[in-house]
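Colleague: I'd like to go over a predicted model; first the sequence, then the structure.
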Amino acid sequence: MSNGAVPETDPSEFEGADASFLKDFATLSTFGATDRGGVDRQAGSEADGDQRAWFSQLLMENGFTVSFDQIGNQFGMLDLEAGKPYVVVGSHLDSQPTAGRYDGAYGVLAAAHAAFRLAAEWQTSGNTPRYNLAVVNWFNEEGSRFKPSMMGSSVYTGKMTLDSALTTTDPAGITVREALVSSNALGDGTGPQAAYCAEIHIEQGRSMERDGIAIGVVDSNWAANKYEFVVHGEQAHTGSTVIADRHDALLGASLLVVAAREIADHFPDGAVHTSVGQLDVYPNSPVVVPSRVNLLLDLRSANEALLREADRMLHERLEQIERSARVKIEKVGSHCWPVTPYQPEGVALAEKIAANRGITHARVKTLAGHDSTNMKDIVPTVMLFVPSVEGISHNEHEYTTDQDIVTGLHVLTDVVRSLCEGELDPS
Ligand code: HGY
Ligand code: MN
Ligand code: MN
């Protein structure tokens, strides 16, 4: 596990537009910056509002018009021909708490710089591509402050209702609507009509670094079952209450945390991933046996049959835990997505482009969800990865080299040019 400081971006190693991209990335990394090289800029926070304002300015300075849709998705649009649909390219600026500066933000800025380069190219050549171009910063991809994750693109693609998103509250009871208003991001309308989508993102895994691959072409995503459970017990005195009388919700939750890891360990070669990432204990007082614990359990696999088996084992363990800890375990929410492929024609296009540039590339699966996981279900979508050093992510030590993020920008620019010029249109 790398404990060294995260290297600074160094634009001086590059020239021209690439240096300008790295300079902008260094600026973007100052929003919500932590003193260990990471960021903390959760959806709708002040830091998120500040970075969105900076990004709007950058888009407008480069000739793009900025708008926000009804769930706070931020768009920079290049309207080359009125009435034409858009190639929508981007990712998310919001982050997990004390996390890395690349997750999402790299993809948003790379999308903007790719779009700026293409706008200049078409202006010089006089060519008008078949589609307009929209850069996007999706709202609340991370789902840390407001659950579930990928919220903005879920509303855009119709997977989540606007009302259920806007009324979602954070632990302090603030709604998404209030957070959008306070960060000047509540717009109206449903955003630009997409014909195609593209996204570039860090891999957040080790496979590309291990295999020496500079560009990952994502051909499908792992399936995920994310559950919210409430473990119900009874408050009691931690000292005077006899053990036989205890209904200890935190004991029950702790047994569930261990059960999750035991289930993952049951499957060979790490085929199933799971952890409990969030645990809220009530009343969380030192001398009170907890009566309620809310917990978020994340279960994932590339193999849906294994995921079903892991799911069955999990529900079996729930019943055992209810008996042994004398608690009640209630499932109060879930957010699941199946294994689904990215369009093969998009995969082939990205592979051709990387090959033409002589860049090492391979097909990879995404284990994390992304906004492209939603978008590929409504329009042909191309998803690209760049390597993560030691696979570290959702951690302040998250790092990708300057060369890798610049290489990714070059390939993304070619992919978006091809999409805009109709290369994937049915002949
Ligand atoms: O849920 C996910 O996998 C993503 O990181 N939001
Ligand atoms: Mn992300
Ligand atoms: Mn993330």
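Modeller: Sure thing, it's come through. All values reported here derive from a predicted model rather than from experimental measurement. Ligands and ions are numbered 1, 2, ... in the order given.

Colleague: which bits of this structure sit near ligand 1?
Modeller: Remark: the part of the chain in contact with ligand 1 comprises 141, 142, 143, 149, 150, 368, 369, using CB under 6 Å from any ligand atom. All C-beta spots, glycine's among them, are computed from the backbone N, C-alpha and C.

Colleague: top of these by number of neighbours, please.
Modeller: Counting neighbours by other CB atoms under 10 Å, residue 141 comes out on top of the residues of the chain next to ligand 1 with 29 neighbours.

Colleague: so what's that one up against?
Modeller: 91, 92, 94, 104, 149, 150, 151, 152, 153, 370, 371 (CB atoms under 8 Å, 6 or more residues apart in numbering).

Colleague: I figured the fifth one hits residue 143, correct?
Modeller: Read it as residue 149. Yes: using CB atoms under 8 Å, residue 149 is in contact with residue 143, at 2.8 Å.

Colleague: list phi and psi for residue 205.
Modeller: phi -150, psi 180 (degrees, to the nearest 10).

Colleague: number of residues surrounding it?
Modeller: 20.

Colleague: same thing with the one 3 residues further on?
Modeller: Burial of residue 208, expressed as a neighbour count using other CB under 10 Å, amounts to 24.

Colleague: same check on the one 3 residues further on?
Modeller: Per other CB under 10 Å, the neighbour tally for residue 211 reads 12.

Colleague: mind checking pLDDT for it?
Modeller: Note for residue 211: predicted pLDDT of 98.

Colleague: residue contacts, it?
Modeller: Each residue near residue 211 by CB under 8 Å, 6+ apart is listed here: residue 362.

Colleague: kindly format the C-alpha coordinates of stretch 132-145 as CSV.
Modeller: C-alpha atoms of stretch 132-145 as CSV (Å, rounded to 0.1, in the frame of the first residue of the first chain):
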residue,chain,number,x,y,z
ASN,A,132,-23.6,18.6,-31.6
LEU,A,133,-21.3,18.1,-28.6
ALA,A,134,-22.1,18.3,-24.9
VAL,A,135,-19.6,18.0,-22.0
VAL,A,136,-21.2,16.7,-18.8
ASN,A,137,-20.5,16.7,-15.1
TRP,A,138,-23.1,14.2,-13.8
PHE,A,139,-24.5,15.1,-10.3
ASN,A,140,-23.8,12.8,-7.4
GLU,A,141,-22.2,9.8,-9.0
GLU,A,142,-20.5,8.8,-5.8
GLY,A,143,-23.7,8.3,-3.7
SER,A,144,-21.8,9.0,-0.4
ARG,A,145,-23.7,12.0,1.0
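
Colleague: I'd like the average pLDDT over it.
Modeller: Mean pLDDT, stretch 132-145: 98.

Colleague: please enumerate the strands of the chain.
Modeller: Taking DSSP state E as the criterion, the chain contains strands spanning 65-68, 74-78, 86-91, 132-137, 194-202, 215-221, 223-232, 236-237, 272-282, 288-289, 292-301, 328-337, 361-366, 381-386.

Colleague: could these go into JSON lines alongside distance to residue 36 and mean neighbour count?
Modeller: Below are the strands of the chain laid out as JSON lines (distance: least, CB to CB, whole Å; neighbours: other CB atoms under 10 Å):
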{"stretch": "strand 65-68", "distance to residue 36": "31", "mean neighbour count": "17"}
{"stretch": "strand 74-78", "distance to residue 36": "27", "mean neighbour count": "24"}
{"stretch": "strand 86-91", "distance to residue 36": "23", "mean neighbour count": "30"}
{"stretch": "strand 132-137", "distance to residue 36": "24", "mean neighbour count": "28"}
{"stretch": "strand 194-202", "distance to residue 36": "18", "mean neighbour count": "27"}
{"stretch": "strand 215-221", "distance to residue 36": "27", "mean neighbour count": "24"}
{"stretch": "strand 223-232", "distance to residue 36": "27", "mean neighbour count": "21"}
{"stretch": "strand 236-237", "distance to residue 36": "40", "mean neighbour count": "14"}
{"stretch": "strand 272-282", "distance to residue 36": "20", "mean neighbour count": "17"}
{"stretch": "strand 288-289", "distance to residue 36": "34", "mean neighbour count": "18"}
{"stretch": "strand 292-301", "distance to residue 36": "24", "mean neighbour count": "22"}
{"stretch": "strand 328-337", "distance to residue 36": "30", "mean neighbour count": "15"}
{"stretch": "strand 361-366", "distance to residue 36": "26", "mean neighbour count": "19"}
{"stretch": "strand 381-386", "distance to residue 36": "22", "mean neighbour count": "28"}
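
Colleague: and the ones you listed: which comes nearest residue 426?
Modeller: Closest approach to residue 426 among the strands of the chain is made by strand 194-202 (11.7 Å; CB to CB).

Colleague: so residue 229 sits against residue 329, correct?
Modeller: Yes: contact criterion CB under 8 Å: residue 229 and residue 329 qualify, at 5.6 Å.

Colleague: which residues do those two both contact?
Modeller: Here residue 229 and residue 329 have 256, 318 as joint contacts, going by CB under 8 Å, 6+ apart.

Colleague: neighbour-wise, which one of the contacts of residue 141 leads?
Modeller: That'd be residue 94 among the contacts of residue 141, by other CB under 10 Å, with 34 neighbours.

Colleague: what's the neighbour count on the closest residue to it other than its chain neighbours?
Modeller: Computed as CB to CB, 6 or more residues apart in numbering, the closest residue to residue 94 that is not its neighbour in sequence is residue 43, at 4.1 Å. Residues lying near residue 43 (other CB under 10 Å) number 28.

Colleague: the one 5 residues further on now?
Modeller: Residue 48: 27 surrounding residues under other CB under 10 Å.

Colleague: nearest residue to it other than its sequence neighbours?
Modeller: Residue 48 sits nearest to residue 41 (CB to CB, 6+ apart), 4.9 Å away.

Colleague: the one you found against residue 49, yeah?
Modeller: No: counting by CB under 8 Å, residue 41 sits too far from residue 49 to count as a contact (9.1 Å).
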